[in-house]
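Participant: How does the following fold in three dimensions:
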Amino acid sequence: MMVTDHTKANSELQAIASKNGVTLPSKLDAAHQEKVDKISNLSGEQFDKTYVSEMVKDHEKVAGEFEKASKTAQNPELKSFAATTLPVIKNHLKHIKAIASGKTT
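Facilitator: Residues are numbered from 1 along each chain as shown. A predicted model of the protein is given here:
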């Protein structure tokens, strides 16, 4: 689900950016790369807990950013993208919070 949804969203965002003459970064910024490096050096339960914790924090932050963009973005395509992608992000957040609380089926 995550790979499919993120791939679709990235493709849609890339199309909007290209149409508007914006080049998106091709690699992670330093802060995100540091998180990837930290998590990739973990294993087992320590990896699981850290990964889930980071995913909860990241999805909460992104949900807030998309909520704001869905209401205030000046570019109509970007505003629409944020509005249609927000429910997907909220769904991911719901699932990762369930995993974090141990309430998965």
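
Participant: And the contacts of stretch 90-97?
Facilitator: 1-2, 5, 52, 55-56, 59-60, 63 (Cβ atoms under 8 Å, 6 or more residues apart in numbering). (Each C-beta comes from the backbone N, C-alpha and C, glycine too.)

Participant: Neighbours of residue 33, how many?
Facilitator: 11 (other Cβ atoms under 10 Å).

Participant: could you point out which element follows the helix or strand that contains it?
Facilitator: Using DSSP states H and E, residue 33 maps to helix 30-40. Helices and strands here follow DSSP H and E; after helix 30-40, the next one along the chain is helix 44-72.

Participant: Averaged pLDDT, that next one. What do you get?
Facilitator: For helix 44-72, the mean per-residue pLDDT is 95.

Participant: how about the helix or strand following it: buried residues?
Facilitator: Next in sequence after helix 44-72, counting helices and strands by DSSP H and E, comes helix 76-101. For helix 76-101, burial by neighbour count (16 or more other Cβ atoms under 10 Å) applies to 78, 81-82, 85-86, 88-89, 92-93, 96.
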